[in-house]
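> below are the sequence and a predicted model; questions follow.
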Amino acid sequence: MPIGNPRRDFDNVVANLSEFEKISQSELILVFDSPQCPEITLLSEMYSDNQNVIILQCCFGNPGEARNLGKAHSNGEWVSFVDSDDSIDFRNYYQMILEGNSTEAELIIGQYRVINEAGTVSASTEVISYQNASKFIARNPGIWRLSFKRDMVNGIDFPGLRMAEDQVFLAKLRFWERNLWVSQLIVYTYRRNILGQLTRSADAISDLIQAQEITLDLFINERPKRVGYRILAVVVINQLLTSLKYLGVHGLVPLREICRVKGGIIPVLRIGARLGWTMLAETIHKTKKMKKASGTQ
């Protein structure tokens, strides 16, 4: 659990810790990505006798590297990555992992709710079938309701980005090739529109554009493989739509803020053009193969 804003999230972290203490045979790693502050000292004192709560401190300035640090110190057979401004149902999370552990799963998907700033439930999700699970992750790649087999994440790190670091991580893991287990348990509550969230920072959007560049390169390299190609296309398209949304196309970021983003909207358009050209080239290539196979010109 990376904690980039200890003062804002302190009460929420304490509430999550109280829930965590209700389960056993698990560990929770708190990674304070900030300078030393009273909140860190207080939590260290409160949980000094609890060997299942590990508190680390760093100053990376991004959740990607903070997650890597936590992963490096983890010891569990299953690994999950959660956020400090959300709420975790640890008992359901633990039960979800027990479900998946009884199968050959490498990746477990749980259900979640979305709560807006006022505290009311604004949406909930449901994975209808195992067949659409990979597409569901591609469309909605929130890493916080996923759990990974230890062997699956060894050697794979998050990029040092403030946004979409989880999307790049998932793409590197080639999640569409993994054995998936879909649980119907609600394990997570995602809080939306909280002040200070990175999704509300114009400066952090430049990291989203970097994530798109990385994912697009993976997508182009994946072209010969049909399933991965289609899945990564969905990921890149969603990243582009997210960029346009945050850059102010829907009025969520004032026009004056767009000028603060590294490169403005030009990198987004360039990525879109590369994506469109790659997909067009692939379509032309497949059409030629089909014509050749049928003996037509």
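Structure's in. What do you need? Residues are numbered from 1 along each chain as shown.

> would you mark the buried spots in stretch 6-20?
Residues of stretch 6-20 classed as buried by neighbour count (16 or more other CB atoms under 10 Å): 6, 8-10, 12-13, 16-17, 20. C-beta coordinates here come from the backbone N, C-alpha and C atoms, glycine included.

> in strands, which of the residues you listed appear?
Secondary structure from DSSP state E places none of the buried residues of stretch 6-20 in strands.

> can you redo the residues you listed as CSV with distance to N238 and pLDDT?
Below are these laid out as CSV (distance: CB to CB, whole Å; pLDDT from 0 to 100):
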residue, distance to N238, pLDDT
P6, 31, 88
R8, 28, 87
D9, 27, 90
F10, 32, 91
N12, 27, 92
V13, 29, 93
N16, 28, 94
L17, 33, 94
F20, 31, 93
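
> from those residues, which two are the most distant?
R8 and F20 (19.6 Å; CB to CB).

> returning to what we had before: let me have the buried residues of stretch 6-20 in JSON lines, extended by distance to S87.
As requested, the buried residues of stretch 6-20 are exported to JSON lines (distance: CB to CB, whole Å):
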{"residue": "P6", "distance to S87": "17"}
{"residue": "R8", "distance to S87": "15"}
{"residue": "D9", "distance to S87": "11"}
{"residue": "F10", "distance to S87": "14"}
{"residue": "N12", "distance to S87": "7"}
{"residue": "V13", "distance to S87": "10"}
{"residue": "N16", "distance to S87": "7"}
{"residue": "L17", "distance to S87": "12"}
{"residue": "F20", "distance to S87": "11"}
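
> now do the helix or strand harbouring G70: everything it contacts.
Element membership for G70 (DSSP states H and E) is helix 63-72. The contact list for helix 63-72 (CB atoms under 8 Å, 6 or more residues apart in numbering) reads 1-2, 4, 29, 31, 33, 56, 58, 60, 79, 81, 83, 153, 157-162, 165, 169, 198.

> mind running it again at 7 Å?
Contacts to helix 63-72, defined as CB atoms under 7 Å, 6 or more residues apart in numbering, come from residues 2, 4, 29, 31, 33, 56, 58, 60, 79, 81, 153, 157-162, 165.

> could you list every helix and strand in contact with whatever helix or strand comes next after that helix?
Elements were assigned by DSSP H and E; along the chain past helix 63-72, the next helix or strand is strand 78-80. Helices and strands touching strand 78-80, by 3 or more CB pairs under 7 Å, 6 or more residues apart in numbering; DSSP states H and E, are strand 146-149, helix 150-153.

> after strand 78-80, which helix or strand is next?
Criterion used, DSSP H and E; the element after strand 78-80 is strand 87-88.

> what distance separates that next one from the centre of its chain?
15 Å (CA atoms, centre = their mean, to the nearest Å).

> make residue 1 into 178 and carry on from there
That works, and once the first residue is 178, the last one we named lands at strand 264-265.

> show residues contacting it.
193, 196, 259, 364-366.

> do the same with stretch 187-206
So stretch 187-206 is in contact with 178, 180, 207, 216, 224, 229-231, 233, 247, 250-253, 261-262, 264-265, 267-268, 271, going by CB under 7 Å, 6+ apart.

> same thing but 6 Å
With contact meaning CB atoms under 6 Å, 6 or more residues apart in numbering, stretch 187-206 is reached by 216, 229-231, 247, 250-251, 261, 265, 267-268, 271.
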